[in-house]
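Student: pasting a predicted model and its sequence here:
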Amino acid sequence: MTATPPEPPDLNLSLEQLAYIAVKAREFDVKEEATDPDSGSDGPDDMEIDVLQDGLDDATAEELAGALGELNDDEQAEFLAILWIGRGDYEGSQWEEALDEATARPGARFVSYCLAQPMLSDFIETGLQELGIDISDYENAHL
């Protein structure tokens, strides 16, 4: 007997917002430390390899931080609940509990907390899968 997938929760976060953040998080997660931060090289000369390195003017980090920073309090709480479910702190069936915990947290450090998650994109994807939410159609629009 197979388990029935959960009924996806009604979210304030739009699937488009989630997809954009997931794509940016995936791009952000593959970044590596800059090995030669002051190489003096430009993109065409180094075959655009610097785009995979973390830097002070990292557009990917700025875009991800901007998208996370635009979320209102309710959307931030939902995002945190999805993140925690994806990280394994809660099961998908514990959506309400995760959401209550996330709602109780002040959002002043929300963006830096999210950016500090080492596998943010994996946590988002796993959390959405646990909740029965599919954003693949929206992700394709941002690739």
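Tutor: That came through fine.

Student: all contacts plus neighbour counts: C-alpha atoms, from now on.
Tutor: OK.

Student: where does this protein dip in pLDDT?
Tutor: For the chain, the stretches with pLDDT under 70 are 1-6, 31-57, 142-143.

Student: ok, Y20 touching D137?
Tutor: No - checked against Cα atoms under 8 Å, the pair Y20 and D137 is beyond contact range at 11.3 Å.

Student: of these two, who's got more company?
Tutor: Y20 (22 against 11; other Cα atoms under 10 Å).

Student: so that one versus G88, what's the distance?
Tutor: Distance, Y20 to G88, using Cα to Cα, to the nearest Å: 22 Å.

Student: so what's the residue count around the nearest residue to D29 once chain neighbours are set aside?
Tutor: Nearest non-adjacent residue to D29, counting by Cα to Cα, 6 or more residues apart in numbering: M119, 6.4 Å away. A count of neighbours around M119, defined by other Cα under 10 Å, yields 17.

Student: what of N140?
Tutor: N140 has 11 nearby residues by other Cα under 10 Å.

Student: returning to that earlier point: confirm for me that the residue nearest to D29 is in contact with E27.
Tutor: No - taking contacts as Cα under 8 Å, M119 lies outside contact range of E27: 11.1 Å.

Student: hey, what's in contact with both of the two?
Tutor: Residues touching both M119 and E27 by Cα atoms under 8 Å, 6 or more residues apart in numbering: none at all.

Student: what sits up against the helix or strand containing F79?
Tutor: Secondary structure from DSSP states H and E places F79 in helix 73-87. With contacts defined as Cα under 8 Å, 6+ apart, helix 73-87 is touched by 11-13, 68, 90-92, 95, 98-99, 101-103, 107, 110, 120, 122-128, 130.

Student: and the residues you listed, which of them are buried?
Tutor: 13, 68, 90-92, 95, 98-99, 102-103, 107, 110, 120, 122-128, 130 (16 or more other Cα atoms under 10 Å).

Student: just the ones of those residues in helices?
Tutor: 68, 95, 98-99, 102-103, 110, 120, 122-128, 130 (DSSP state H).

Student: closest to A141 out of those residues?
Tutor: E125 (16.4 Å; Cα to Cα).

Student: could you list the buried residues of stretch 132-141?
Tutor: So, applying 16+ other Cα under 10 Å, buried residues of stretch 132-141: I133, I135, Y138, E139.
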